[in-house]
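Asks: quick one: sequence and predicted model below, then my questions.
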Amino acid sequence: MYEVVDEAPEHIGAREALLDRVFGAARFLKSSEKIRRGRLAADGLSLVARDADAGRLVGTVRLWHVAAGDAGAALLLGPLAVSPDHQGAGLGGMLMRHALLRARLLGHEAVILVGDPEYYARFGFDADKAAGLAMPGPFERRRLQAVEFRDGRLADASGLIRPTGAFAPVHLPLAAAA
(Lines give C-alpha, C1' and ligand atoms only; values in the text may rest on other atoms or scores of the structure.)
Protein backbone atom coordinates (compact mmCIF):
# COMPACT_ATOMS: atom_id res chain seq x y z
CA MET A 1 0.00 0.00 0.00
CA TYR A 2 1.19 3.51 -0.84
CA GLU A 3 0.66 6.78 0.97
CA VAL A 4 1.19 10.27 -0.45
CA VAL A 5 2.46 12.76 2.12
CA ASP A 6 4.00 16.21 2.19
CA GLU A 7 7.73 16.10 1.64
CA ALA A 8 9.63 16.66 4.90
CA PRO A 9 13.32 17.40 5.54
CA GLU A 10 13.98 13.75 6.34
CA HIS A 11 12.87 12.81 2.80
CA ILE A 12 15.45 14.94 0.98
CA GLY A 13 18.27 12.37 0.87
CA ALA A 14 15.95 9.58 -0.32
CA ARG A 15 14.34 11.91 -2.87
CA GLU A 16 17.69 12.89 -4.36
CA ALA A 17 18.83 9.23 -4.47
CA LEU A 18 15.58 8.32 -6.25
CA LEU A 19 16.01 11.11 -8.81
CA ASP A 20 19.61 9.99 -9.43
CA ARG A 21 18.42 6.41 -10.02
CA VAL A 22 15.58 7.40 -12.33
CA PHE A 23 17.18 10.25 -14.33
CA GLY A 24 20.92 10.04 -13.69
CA ALA A 25 23.30 12.98 -13.74
CA ALA A 26 21.81 14.24 -17.03
CA ARG A 27 18.87 15.61 -15.03
CA PHE A 28 21.02 18.59 -14.03
CA LEU A 29 21.44 19.60 -17.69
CA LYS A 30 17.74 19.95 -18.50
CA SER A 31 16.14 23.32 -19.16
CA SER A 32 13.62 22.65 -16.38
CA GLU A 33 16.50 22.31 -13.95
CA LYS A 34 17.74 25.77 -14.94
CA ILE A 35 14.41 27.13 -13.73
CA ARG A 36 14.44 25.13 -10.48
CA ARG A 37 18.10 25.65 -9.56
CA GLY A 38 18.54 27.74 -6.42
CA ARG A 39 14.79 28.05 -5.79
CA LEU A 40 12.39 26.63 -3.26
CA ALA A 41 9.48 24.54 -4.48
CA ALA A 42 6.04 26.14 -4.10
CA ASP A 43 4.64 25.88 -0.57
CA GLY A 44 2.51 22.81 -0.05
CA LEU A 45 3.41 21.37 -3.46
CA SER A 46 6.25 18.96 -2.70
CA LEU A 47 4.85 15.46 -2.30
CA VAL A 48 6.38 12.04 -1.82
CA ALA A 49 4.94 8.56 -2.04
CA ARG A 50 5.96 6.01 0.54
CA ASP A 51 5.62 2.26 0.43
CA ALA A 52 3.73 1.95 3.72
CA ASP A 53 4.74 -1.68 4.18
CA ALA A 54 8.48 -1.13 3.58
CA GLY A 55 8.49 2.39 5.02
CA ARG A 56 10.57 3.84 2.19
CA LEU A 57 10.19 6.67 -0.30
CA VAL A 58 9.24 5.35 -3.76
CA GLY A 59 7.96 8.44 -5.59
CA THR A 60 8.25 12.21 -5.72
CA VAL A 61 6.72 15.23 -7.43
CA ARG A 62 7.27 18.94 -6.88
CA LEU A 63 5.86 22.15 -8.36
CA TRP A 64 7.64 25.49 -8.73
CA HIS A 65 6.52 29.10 -9.14
CA VAL A 66 7.21 30.50 -12.62
CA ALA A 67 6.13 33.27 -14.92
CA ALA A 68 4.59 31.81 -18.08
CA GLY A 69 5.94 34.48 -20.40
CA ASP A 70 3.57 37.43 -20.63
CA ALA A 71 0.73 35.42 -19.04
CA GLY A 72 2.28 35.75 -15.60
CA ALA A 73 2.02 33.36 -12.67
CA ALA A 74 1.90 29.61 -13.21
CA LEU A 75 3.52 26.49 -11.81
CA LEU A 76 6.17 24.24 -13.36
CA LEU A 77 5.74 20.57 -12.47
CA GLY A 78 8.71 18.29 -12.12
CA PRO A 79 10.37 16.16 -11.75
CA LEU A 80 7.86 13.35 -11.32
CA ALA A 81 9.70 10.13 -10.50
CA VAL A 82 8.79 6.64 -9.34
CA SER A 83 11.28 4.03 -8.19
CA PRO A 84 11.91 1.53 -11.03
CA ASP A 85 10.78 -1.37 -8.83
CA HIS A 86 7.39 0.34 -8.28
CA GLN A 87 6.70 1.55 -11.82
CA GLY A 88 3.56 0.26 -13.49
CA ALA A 89 1.53 0.22 -10.28
CA GLY A 90 -0.22 3.57 -10.90
CA LEU A 91 1.94 5.45 -8.43
CA GLY A 92 2.93 8.19 -10.90
CA GLY A 93 -0.73 8.83 -11.67
CA MET A 94 -1.54 8.94 -7.98
CA LEU A 95 1.19 11.53 -7.37
CA MET A 96 0.00 13.60 -10.36
CA ARG A 97 -3.62 13.61 -9.23
CA HIS A 98 -2.62 14.64 -5.70
CA ALA A 99 -0.30 17.39 -6.96
CA LEU A 100 -2.79 18.84 -9.46
CA LEU A 101 -5.67 18.75 -6.98
CA ARG A 102 -3.54 20.44 -4.34
CA ALA A 103 -2.41 23.13 -6.84
CA ARG A 104 -6.01 23.82 -7.84
CA LEU A 105 -7.19 23.97 -4.22
CA LEU A 106 -4.38 26.41 -3.41
CA GLY A 107 -5.72 28.75 -6.12
CA HIS A 108 -3.17 28.21 -8.88
CA GLU A 109 -4.58 28.60 -12.38
CA ALA A 110 -2.11 26.81 -14.68
CA VAL A 111 0.60 24.15 -14.57
CA ILE A 112 3.32 23.69 -17.18
CA LEU A 113 5.64 20.74 -17.67
CA VAL A 114 8.06 19.16 -20.10
CA GLY A 115 7.24 15.50 -20.58
CA ASP A 116 5.83 12.74 -22.75
CA PRO A 117 2.49 13.84 -24.23
CA GLU A 118 1.34 10.22 -24.34
CA TYR A 119 1.59 10.04 -20.55
CA TYR A 120 0.44 13.50 -19.48
CA ALA A 121 -2.59 13.90 -21.79
CA ARG A 122 -4.69 11.83 -19.35
CA PHE A 123 -4.24 14.60 -16.77
CA GLY A 124 -5.42 17.30 -19.19
CA PHE A 125 -2.00 18.52 -20.39
CA ASP A 126 -1.89 19.82 -23.95
CA ALA A 127 0.98 21.23 -26.01
CA ASP A 128 -1.36 23.73 -27.69
CA LYS A 129 -1.83 25.54 -24.36
CA ALA A 130 1.95 26.14 -24.18
CA ALA A 131 2.52 26.76 -27.90
CA GLY A 132 3.71 30.37 -27.46
CA LEU A 133 5.98 29.64 -24.50
CA ALA A 134 9.66 28.69 -24.47
CA MET A 135 12.10 27.16 -22.01
CA PRO A 136 15.46 28.80 -21.13
CA GLY A 137 17.50 26.33 -23.16
CA PRO A 138 16.90 23.39 -25.47
CA PHE A 139 13.54 21.60 -25.31
CA GLU A 140 11.29 19.58 -27.58
CA ARG A 141 8.28 21.68 -28.57
CA ARG A 142 5.83 18.74 -28.45
CA ARG A 143 6.88 17.95 -24.87
CA LEU A 144 6.18 21.47 -23.50
CA GLN A 145 2.60 21.23 -22.25
CA ALA A 146 0.19 22.92 -19.91
CA VAL A 147 -3.09 22.36 -18.12
CA GLU A 148 -5.37 25.22 -17.10
CA PHE A 149 -7.59 25.30 -14.03
CA ARG A 150 -9.17 28.52 -15.34
CA ASP A 151 -10.14 28.31 -19.01
CA GLY A 152 -8.11 30.60 -21.23
CA ARG A 153 -5.52 31.30 -18.52
CA LEU A 154 -2.68 30.76 -21.00
CA ALA A 155 -4.55 31.84 -24.14
CA ASP A 156 -2.17 33.70 -26.44
CA ALA A 157 0.63 33.46 -23.83
CA SER A 158 4.07 34.01 -25.29
CA GLY A 159 7.59 34.38 -24.04
CA LEU A 160 10.11 32.67 -21.85
CA ILE A 161 9.17 30.59 -18.82
CA ARG A 162 11.23 31.95 -15.95
CA PRO A 163 11.53 31.29 -12.22
CA THR A 164 9.69 33.51 -9.76
CA GLY A 165 9.77 31.42 -6.60
CA ALA A 166 11.71 32.19 -3.45
CA PHE A 167 15.43 31.59 -3.42
CA ALA A 168 16.66 28.60 -1.45
CA PRO A 169 18.67 29.62 1.60
CA VAL A 170 22.42 29.38 1.19
CA HIS A 171 24.26 27.97 4.17
CA LEU A 172 27.73 29.47 4.37
CA PRO A 173 30.41 28.28 6.76
CA LEU A 174 30.79 30.68 9.68
CA ALA A 175 34.26 31.75 8.52
CA ALA A 176 32.91 32.70 5.10
CA ALA A 177 29.98 34.61 6.59
CA ALA A 178 32.24 36.87 8.69
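Replies: Arrived safely, thanks for sending. Numbering: from 1, shown residues only.
Asks: note down every partner strand of the longest strand seen in the chain and its orientation.
Replies: As assigned by DSSP state E, the longest strand anywhere in the chain is strand 56-68. Take DSSP bridges as the rule and strand 56-68 pairs in its sheet with strand 46-51 (antiparallel), strand 73-77 (antiparallel), strand 81-82 (antiparallel), strand 159-163 (antiparallel).
Asks: list the contacts of the first one.
Replies: Outside strand 46-51, the residues that touch it by Cβ atoms under 8 Å, 6 or more residues apart in numbering are 1-7, 11, 14-15, 56-63, 82, 86, 91, 94-95, 98-99, 102. To be clear about C-beta, it is placed using only N, CA and C from the backbone, and glycine gets the same treatment.
Asks: over to the last one?
Replies: Contact with strand 159-163 is made by 35-36, 39, 64-71, 74, 76, 112, 132-136, as judged by Cβ under 8 Å, 6+ apart.
Asks: of those residues, grab the buried ones for ChimeraX.
Replies: Only the buried members of the contacts of strand 159-163 enter the following ChimeraX selection, criterion being 16 or more other Cβ atoms under 10 Å:
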select :35,36,39,64,65,66,67,68,69,71,74,76,112,132,133,135
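Asks: tell me what Leu77 is bridged to.
Replies: Leu63.
Asks: isn't it up against Ile112?
Replies: Yes. Between Leu77 and Ile112 there is a contact at 7.1 Å, judged by Cβ atoms under 8 Å.
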